[in-house]
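K.L.:
Next one to model:
(one chain, ligands or ions: 1)
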Amino acid sequence: MNPSKVDIGYIYSTFGVAIPEGNREIFSPVDGLTIGGFTPASADQVNLVADRALAAFSHWRSVPAPRRGELVRRFGDALRARKTELGLLVTLDCGKPLSEGLGEVQEMIDICDFAVGLSRQLHGLTIASERPGHRMSETWHPLGPVAIITAFNFPVAVWAWNAALALVCGDSIVWKPSEKTPLTAIAVQALFDKVAGEFGPDAPEGLSQLVLGDSATGAALVDHPAMALISATGSTAMGRTVGQAAAKRFARSLLELGGNNATIVAPSADMELALTGCAFGFMGTTGQRCTSLRRLLVHRSVYESFVPRIISAAARLPIGDPRDPANLAGPLIDGAAYAAMRDALADARAAGATVHGGERIAGPGQGVYVRPAVVEMSAQTGPMLRETFAPILYCLRYDDLDEAIALNNAATQGLSSSIFTNDLREAESFVAAAGSDCGIANVNIGTSGAEIGGAFGGEKETGGGRESGSDSWKAYMRRQTSTVNYSRALPLAQGVRFEL
Ligand code: UN1
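P.N.:
Numbers count the residues shown, from 1 in each chain. From the prediction side, this is the model:
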């Protein structure tokens, strides 16, 4: 048996679950070896799950919100207690370095804390009525069962953003993790079941369910009439299919799709900050975050001093087994990801670009380890306007800020962006209405690694959804406007007369 499977088997036993078996193999990207299997849920099984979710919702929606928050508080405590094991599972599941695996579990804990506070702040409004003796108000009510479809690169944190909010908002949840990374999801679901089981009758059976499957399973879930909201994270292609299917039956969708994120390095930038921010942005998580830095726009006056430093940082990056804390990057998720990387680099070369790095390097077993690639472009063409989920950084010179902002905004997606500058006018212009068109626009910070407190998501082909902090919770509730007449007359709005 391979060593990763032994580690997972041991951790699983502490969660009271067994490694699943089935006709679809699960591989650990760490060494490319099989660590289990699963059989995708059939349409009938999805129907059963959806019915259970609907029954759970009809109970949970009437449990007071602060009490719902109490369940999430206990779940957050359970995550705290099991952070080490879950962090290691994330690493074995998707190949990110252990510090990032632990960071992902921390992100789950943080959103639980946020949701607990929120459970006492699902505020509505009182609105001034134009009619005497009338009161108008707006109330937020639970929405219904929420389907949460997550991607391989954040196998548990993005679920937690959705789950913690949906639960305090009074919704039941059904989770379909990526077929590439179902392992941590199984442990997290077991942890949730334990906490919910100890919570008593307020937490109904089926409040949170896990469905393992492929795109057909996802499609059955998206099409099911019980699912009131489909929250999906993944590629733009996946989001286009899911968004259209949900729209067909007027279900809500919350889409968090790809990004082709850029950073601008201005002449006044603190170059040390810019170097670290850009290096983590494009090489961290092996370039497999939706917020990963993919395009670097450097002012002509500093290009020659800055870009060689990025090239050398990429050449020196310690890459290897993500369990070894000496390594700052682990493997790509699979061979298909490397094929996409090679294709993008071939297209770049064909477009006349100079490519530094990008080759496959040795790592444990059959894991797909690569040297990050820095690609010097002379124009924003070819693969530079395409999102490739791999550590590739396209570099381009610019002459003035307006040009750099236009280059930033030329991508079809609009997730994350950033500028390194010490010039106040440039910083403010970048985050102003005519500046970056992305959902996230940072100053003197890279594009990736957002905190949970802000609304997370982006515009254009990123899908427009907002998850996590701020008022993203409103997506998980329905808004009701109530006008109450406490007078003895029935005046009509807008002065309309109707006297019988
Ligand atoms: C994703 O890649 O889908 O801002 C989410 C970040 C993380 C979340 C990324 N907090 O990079």
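K.L.:
For the rest of this, base every contact and every neighbour count on C-alpha atoms.
P.N.:
Noted.
K.L.:
Okay, strands next: where are they in the stretch 101-250 of the chain?
P.N.:
Secondary structure of the stretch 101-250 of the chain (DSSP state E, counting those that start in this stretch): strands at 125-127, 134-142, 146-149, 173-176, 208-210, 229-233.
K.L.:
Format the ones you listed as TSV; extra columns: mean pLDDT, distance to the ligand and mean neighbour count.
P.N.:
Shown next, in TSV, are the strands of the stretch 101-250 of the chain (pLDDT from 0 to 100; distance: least, Cα to the nearest ligand atom, whole Å; neighbours: other Cα atoms under 10 Å):
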stretch	mean pLDDT	distance to the ligand	mean neighbour count
strand 125-127	97	31	12
strand 134-142	98	25	17
strand 146-149	98	11	28
strand 173-176	98	15	26
strand 208-210	98	19	22
strand 229-233	98	6	27
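K.L.:
now the ones you listed as TSV including distance to Pro155?
P.N.:
What follows is those, written out as TSV (distance: least, Cα to Cα, whole Å):
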stretch	distance to Pro155
strand 125-127	36
strand 134-142	26
strand 146-149	10
strand 173-176	10
strand 208-210	13
strand 229-233	11
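K.L.:
Just give me the neighbour total for the residue lying closest to Asn408 once chain neighbours are set aside.
P.N.:
Leaving out its chain neighbours, the residue that sits closest to Asn408 by Cα to Cα, 6 or more residues apart in numbering is Ala262, at 5.9 Å. Ala262 has 36 neighbouring residues, counting by other Cα atoms under 10 Å.
K.L.:
how near is Ala262 to Ala336?
P.N.:
Going from Ala262 to Ala336 by Cα to Cα, to the nearest Å gives 24 Å.
K.L.:
nearest to Phe192, of the strands of the stretch 101-250 of the chain?
P.N.:
strand 208-210 (7.8 Å; Cα to Cα).
K.L.:
And for that closest one, what's in contact with it?
P.N.:
49, 53, 172-177, 185-186, 189, 192-193 (Cα atoms under 8 Å, 6 or more residues apart in numbering).
K.L.:
counting contacts, what elements does the top helix by length along the chain pack onto?
P.N.:
Longest helix of the chain, by residue count under DSSP state H: helix 98-118. Under the contact criterion of 3 or more Cα pairs under 8 Å, 6 or more residues apart in numbering; DSSP states H and E, helix 98-118 touches helix 65-81, helix 83-94, helix 157-168.
K.L.:
is any part of that helix close to the ligand?
P.N.:
No: applying Cα under 6 Å from any ligand atom, one finds helix 98-118 separated from the ligand by no less than 7.4 Å.
K.L.:
CA atoms only: put that helix into PDB for me.
P.N.:
Listed next in PDB are the C-alpha coordinates belonging to helix 98-118 (Å, rounded to 0.1, in the frame of the first residue of the first chain):
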ATOM      1  CA  LEU A  98       1.000  21.800   4.500                       C
ATOM      2  CA  SER A  99       1.100  25.500   5.500                       C
ATOM      3  CA  GLU A 100      -1.600  26.200   2.900                       C
ATOM      4  CA  GLY A 101      -3.500  23.100   3.900                       C
ATOM      5  CA  LEU A 102      -3.600  24.300   7.400                       C
ATOM      6  CA  GLY A 103      -4.400  27.800   6.100                       C
ATOM      7  CA  GLU A 104      -7.400  26.400   4.300                       C
ATOM      8  CA  VAL A 105      -8.800  24.800   7.500                       C
ATOM      9  CA  GLN A 106      -8.100  28.200   9.200                       C
ATOM     10  CA  GLU A 107     -10.200  29.800   6.500                       C
ATOM     11  CA  MET A 108     -13.100  27.400   7.400                       C
ATOM     12  CA  ILE A 109     -12.700  28.300  11.100                       C
ATOM     13  CA  ASP A 110     -12.700  32.000  10.300                       C
ATOM     14  CA  ILE A 111     -15.900  31.800   8.200                       C
ATOM     15  CA  CYS A 112     -17.600  29.900  11.000                       C
ATOM     16  CA  ASP A 113     -16.700  32.700  13.500                       C
ATOM     17  CA  PHE A 114     -18.000  35.200  11.000                       C
ATOM     18  CA  ALA A 115     -21.300  33.300  10.500                       C
ATOM     19  CA  VAL A 116     -21.800  32.900  14.300                       C
ATOM     20  CA  GLY A 117     -21.800  36.700  14.600                       C
ATOM     21  CA  LEU A 118     -24.000  37.100  11.600                       C
END
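K.L.:
Could I get the average pLDDT for it?
P.N.:
For helix 98-118, mean pLDDT is 98.
K.L.:
Please work out which residues outside that helix touch it.
P.N.:
In contact with helix 98-118 (Cα under 8 Å, 6+ apart) are residues 66, 69-70, 72-73, 75-77, 79-80, 83-84, 86-91, 154, 156-157, 160-161, 164-165, 168, 285, 322-325, 452-453, 468-469.
K.L.:
6 Å instead, please
P.N.:
Contact with helix 98-118 is made by 69, 72-73, 76, 87, 90-91, 157, 160-161, 164-165, 323, as judged by Cα atoms under 6 Å, 6 or more residues apart in numbering.
K.L.:
Show me what the mean pLDDT comes to for stretch 314-327.
P.N.:
98.
K.L.:
May I see the buried residues of it?
P.N.:
314-315, 319-323, 327 (16 or more other Cα atoms under 10 Å).
K.L.:
Show the end-to-end separation of that stretch, please.
P.N.:
Stretch 314-327: ends 13 Å apart by Cα to Cα.
K.L.:
Leaving out chain neighbours, which residue sits closest to the residue nearest in space to the middle of the chain?
P.N.:
With distances taken as Cα atoms, centre = their mean, the residue of the chain nearest its centroid is Val158 (4.6 Å). Among residues not flanking Val158 along the chain, Thr150 sits closest, at 6.7 Å (Cα to Cα, 6+ apart).
K.L.:
got the contact list for that neighbour?
P.N.:
177-178, 233.
K.L.:
ok, now with 7 Å
P.N.:
Thr150 is in contact with 158-159, 176-178, 232-234, counting by Cα atoms under 7 Å, 6 or more residues apart in numbering.
K.L.:
Repeat that for Glu85.
P.N.:
Ile11.
K.L.:
Redo the contacts of Thr150 as a markdown table? Include distance to Thr34.
P.N.:
Listed next are the contacts of Thr150 as a markdown table, based on distance: Cα to Cα, whole Å:
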| residue | distance to Thr34 |
| --- | --- |
| Val158 | 25 |
| Trp159 | 24 |
| Lys176 | 21 |
| Pro177 | 18 |
| Ser178 | 16 |
| Ala232 | 27 |
| Thr233 | 25 |
| Gly234 | 24 |
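K.L.:
so which of those would you say is closest to Gln480?
P.N.:
Nearest member of the contacts of Thr150 to Gln480, counting by Cα to Cα, is Ala232, at 25.2 Å.
K.L.:
The nearest residue to that closest one once chain neighbours are set aside bridge partners, please.
P.N.:
Distances taken as Cα to Cα, 6+ apart place Ile149 nearest to Ala232, at 4.6 Å, with adjacent residues excluded. Going by DSSP bridges, Ile149 is paired in beta bridges with Lys176, Ala232.
K.L.:
any idea of the angle the longest helix of the chain forms with helix 83-94?
P.N.:
If you take axes from the mean of the first three to the mean of the last three Cα atoms, to 10 degrees, helix 98-118 sits at 120 degrees to helix 83-94.
K.L.:
Which stretches in the stretch 351-500 of the chain count as strands?
P.N.:
So, for the stretch 351-500 of the chain - with DSSP E, counting those that start in this stretch - the strands run 354-357, 360-361, 369-370, 373-376, 392-398, 413-414, 416-420, 440-443, 455-456, 459-460, 467-468, 477-485.
K.L.:
Redo the ones you listed as a markdown table? Include mean pLDDT.
P.N.:
Shown next, in a markdown table, are the strands of the stretch 351-500 of the chain (pLDDT from 0 to 100):
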| stretch | mean pLDDT |
| --- | --- |
| strand 354-357 | 98 |
| strand 360-361 | 98 |
| strand 369-370 | 98 |
| strand 373-376 | 98 |
| strand 392-398 | 98 |
| strand 413-414 | 98 |
| strand 416-420 | 98 |
| strand 440-443 | 98 |
| strand 455-456 | 98 |
| strand 459-460 | 98 |
| strand 467-468 | 97 |
| strand 477-485 | 98 |
